[in-house]
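1. with the sequence up front, the predicted model follows.
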Amino acid sequence: ALAEDGYGLWLRYRPLAAGPAADLATRAGSIETEEAADPTIAAAVAELRRALPGMTGRPAGQGGTLLIGTPASPRIAALGLLLARAGDDGFVIRDVTVGGRRLLVIAGNRPVGALYGAFHFLRLAQQGALPARLDVAERPRVKLRLLNHWDNLDRTVERGYSGQSIWAWWKLPIASDPRYVDYARANASLGINGAVLNNVNAKPDSLTPDWIAKAAKVADVLRPYGIRVYLSARWSAPVELKQAKTADPLDPAVAAWWRAKADEIYRAIPDFGGFLVKANSEGQPGPQDYKRTHVDGANMLAAAVKPHGGIVMWRAFVYSDVDPDDRAKQAYDEFKPLDSRFADNVIVQVKNGPIDFQPREPFHPLFGAMPKTPLMLEVQITKEYLGFATHLAYLAPMWSEVLAADTYAKGRGSTVAKVIDGSLEGHRLTGMAGVANIGSDRNWSGSIFDQANWYAFGRLAWNPDLTPQAIAGEWARQTFTPDPAFVTPVTAMMMGSRQAVVDYMTPMGLAHLMATGHHYGPGPWVGDLARPEWNPTYYHRADKDGIGFDRTRTGSNAVAQYAAPVAKRFADKRTVGDDFLLWFHHVGWDERQPSGRTLWEELVSRYDRGVATVEGMQRTWASLAPMIDGERAAQIASFLVIQKEEAIWWRDASLAYFGSVSGRKLPTGVRPPA
Ligand code: GCW
């Protein structure tokens, strides 16, 4: 048998128990289609044929019939299924009876819908028993469901913790890699339909003919799986490639350069998705270098891709020495006034929170604040600030927390989910992007449990209302075993894991306390970095009296960027809630908390709780590990040892430092720092 090294992700297709295996064979023993010539239908059929014999234990071609396709197939058209329910990209899965014979049908209005239906069927089947009669209809809520690779052209990955880039640039465009197909399968199984191949900190070379050819080859491999390729564009590329004197977006020669570049890309990649741009942020060039605005820049690029149906995703993650009083305010201050001025093929990409992918941030105040502009949500799947690949932290609860957050932009119920699925303001261009955690490691993500974050991102982009709990259960059943004795405790462990990281790194609304540069490990004492807003001391503002960032009227007044009911709640220490207490308030060390403890005591107890949760995870895992293969079990156990050591490190270092500032005593039981 092959090693269980995690390569198979959630697409393992292991043998089912006898009952479900027999049922599956009876219903889907032989796969039929009338559209085998379509590459996407062919991919769906290949996936079903790859999966089913292993799961049923029966050779392909025996048992009942599964028919897959679109209304282009006469047999499917004749069934008169109500495919309106499937929309453009969705599917219907149904048991029907035709001429007295039972038939299982998977259909979409387009081939990609049928492909998603095939994967959904396999998701259901892998989890154990199928319902006696299947009648499922689904369609994605969000149009652009994209991975953002921060992959450099030298195969390093910015904030990547799972090896090199999976894009073997130097072998492209001649050699493909079977791994690209498996990447496409995994993404298609979740409905992910686009990939930005290169880092937002982009190099101009990615727009040269050589690299366009490489991207085109990747696009050819991904295309049958419904995945489009996008590129990050470096603003100054025309100048750096020595083909223009300026990158001023209002200079006609610059606009012409980008038009020609877009034409060139579309000749190589006819379904190229468009550009992602990080401009005027963290040293990246942009239109402001020429005293132009984000609108000038985005609209110029948008015009270049428009004739081809392309889009521009313009990032709102900007901070560059404009707003030193509070970095959390800058994106809103820069973008809000631009509402209504972007071209209709521009979408502004906004991180979940106003700072930067911290273990917990309040939702970004731009959500709900730019009603006339499509906004897409950017989350970080790779765990830059949550312990890289070794700490177990299931991120769906974090993302759902933001998706469910109520912006009150149009009164109660104006959730971030409704902003990004377009329903709040009637936008058709909608999206969600995740910064990928995928690399060349055998297990793709650097750890088995980080695969769950890739999985959860895709599922939430398909349907932002899915619960983290349900997603964790799906993932665990497919990745490990459908046995409830395993799934129930492992799901509970996953559900508590992100809060544990919050507790041992940045409890009660603290943020950005990590060590400089690599962002691994604690550094709350750092205060001497060149830019004020790079320093942890800038964020926690601890002094002998208290700790926390006053973002109310007496401070930076960032609360005012939220709709009135939200601002009111955040601005009041009694209503803000302890998740965001120190994000919005400077609180005295001895101020009593609802628990009856002083703030200092409360902080200590949170740090301790974080460590204790990790110890609990170790115990849970020790009891579950015998239920799965030794290889994955051992890696997970060893990573939990690392996590525990480092949770203690975070707790002790943070408390030692805050204790020295506050003059409060380290409580007994907390290990003194080495
Ligand atoms: O989180 C920060 C990272 C940078 C990253 C930047 C961004 C790609 O530390 O590495 O750069 O965000 O999102 O642009």
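-> Cool, got the structure.
2. tell me how many other residues crowd the residue in the stretch 351-500 of the chain that the ligand sits nearest to.
-> Per C-beta to the nearest ligand atom, the residue of the stretch 351-500 of the chain with the smallest distance to the ligand is Asp356, at 4.5 Å. (Each C-beta comes from the backbone N, C-alpha and C, glycine too.) Number of residues near Asp356 (other C-beta atoms under 10 Å) recorded here: 19.
3. again with the one 4 residues further on
-> The number of residues packed near Arg360 is 24, by other C-beta under 10 Å.
4. and it, which of the three is it?
-> Here Arg360 is recorded as coil under DSSP: H, G, I helix; E, B strand; the rest coil.
5. only C-alpha atoms, please: export stretch 529-548 in PDB.
-> Output in PDB follows, covering the C-alpha atoms of stretch 529-548 (Å, rounded to 0.1, in the frame of the first residue of the first chain):
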ATOM      1  CA  LEU A 529      11.400  49.600  14.000                       C
ATOM      2  CA  ALA A 530      11.700  52.300  11.400                       C
ATOM      3  CA  ARG A 531       8.000  52.700  10.700                       C
ATOM      4  CA  PRO A 532       5.900  53.300  13.800                       C
ATOM      5  CA  GLU A 533       3.100  51.000  12.600                       C
ATOM      6  CA  TRP A 534       5.500  48.000  12.400                       C
ATOM      7  CA  ASN A 535       6.100  48.000  16.100                       C
ATOM      8  CA  PRO A 536       4.100  45.800  18.500                       C
ATOM      9  CA  THR A 537       4.300  48.600  21.100                       C
ATOM     10  CA  TYR A 538       2.300  50.800  18.600                       C
ATOM     11  CA  TYR A 539      -0.500  48.300  18.800                       C
ATOM     12  CA  HIS A 540      -0.700  47.300  22.500                       C
ATOM     13  CA  ARG A 541       0.200  50.700  24.000                       C
ATOM     14  CA  ALA A 542       0.900  49.100  27.300                       C
ATOM     15  CA  ASP A 543       2.200  51.400  30.100                       C
ATOM     16  CA  LYS A 544       2.200  51.300  33.800                       C
ATOM     17  CA  ASP A 545      -1.500  52.200  33.900                       C
ATOM     18  CA  GLY A 546      -3.000  50.000  31.300                       C
ATOM     19  CA  ILE A 547      -3.000  48.400  27.900                       C
ATOM     20  CA  GLY A 548      -4.900  48.600  24.600                       C
END
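6. before we move on, the earlier item: tell me the pLDDT of the residue of the stretch 351-500 of the chain closest to the ligand.
-> Note for Asp356: predicted pLDDT of 97.
7. now for the closest residue to Asp339 other than its chain neighbours: which residues touch it?
-> Counting by C-beta to C-beta, 6 or more residues apart in numbering, Asp339 lies nearest to Met370, which is 4.2 Å off, once chain neighbours are set aside. Under the criterion of C-beta atoms under 8 Å, 6 or more residues apart in numbering, the neighbours of Met370 are 335-336, 338-339, 348.
8. got the residues of the stretch 51-200 of the chain near the ligand?
-> Residues of the stretch 51-200 of the chain lying near the ligand by C-beta under 6 Å from any ligand atom: 150, 158-159, 200.
9. thinking again about what came up before, distance-wise, check the residue nearest to Asp339 relative to Arg341.
-> 10 Å (C-beta to C-beta, to the nearest Å).
10. where in the chain is pLDDT low?
-> By pLDDT under 70, the low-scoring segments of the chain are 1-2, 321-324, 667-674.
11. report the central residue of it.
-> Closest to where the C-alpha atoms of the chain average out (C-alpha atoms, centre = their mean) is Gly434, at 2.9 Å.
12. who touches the helix or strand harbouring that residue?
-> Assigned by DSSP states H and E, Gly434 belongs to strand 431-435. Strand 431-435 is contacted from outside by 142-148, 150, 159, 196, 313, 347, 349, 357, 374, 376-382, 420, 454, 457-458, 460-461, 464, using C-beta under 8 Å, 6+ apart.
13. let me see the domain layout of this protein.
-> 18-138, 144-466, 505-549+586-662 (automatic domain parsing).
14. quick check: the residue nearest to Asp339 is in a helix.
-> No. Counting by three-state DSSP, Met370 is not part of a helix but coil.
15. against Ala396, how distant is the residue nearest to the centre of the chain?
-> Taking C-beta to C-beta as the measure, Gly434 falls 11 Å from Ala396.
16. now do Pro484
-> Pro484 is 20 Å from Ala396, by C-beta to C-beta.
17. now swap in Ala302 and tell me
-> According to C-beta to C-beta, Ala302 stands 33 Å off from Ala396.
18. ok, these two, which is more surrounded?
-> More crowded of Ala302 and Ala396, by other C-beta under 10 Å: Ala396, with 27 against 23.
19. I'd guessed the more buried one sits against Ile471; true?
-> Yes. The pair Ala396 / Ile471 is scored as a contact, 5.3 Å apart, by C-beta atoms under 8 Å.
20. which neighbours do those two share?
-> Common neighbours of Ala396 and Ile471 (C-beta under 8 Å, 6+ apart) are 456, 459-460.
21. tell me which element Ala184 is part of?
-> helix 178-188.
22. so what touches that helix?
-> Counting by C-beta under 8 Å, 6+ apart, 7, 9-11, 43, 47, 115-116, 119, 147, 166, 193, 195, 218, 221-222, 224-227, 438, 444, 454, 458 sit against helix 178-188.
23. list only buried entries from the contacts of Met370.
-> Listed as buried from these are 335, 338-339, 348; burial here means 16 or more other C-beta atoms under 10 Å.
24. which of these sits closest to Gly69?
-> Val348 (37.8 Å; C-beta to C-beta).
25. which strand residues bridge that closest one?
-> Trp314, Leu375 (DSSP bridges).
26. Lys336 contacts His364, correct?
-> No. Applying C-beta under 8 Å, one finds Lys336 not in contact with His364, separated by 11.4 Å.
27. need the winner for burial among the domains of the chain.
-> Burial of the domains of the chain is given as mean neighbour count (mean count of other C-beta atoms under 10 Å); domain 144-466 ranks first at a mean of 21.
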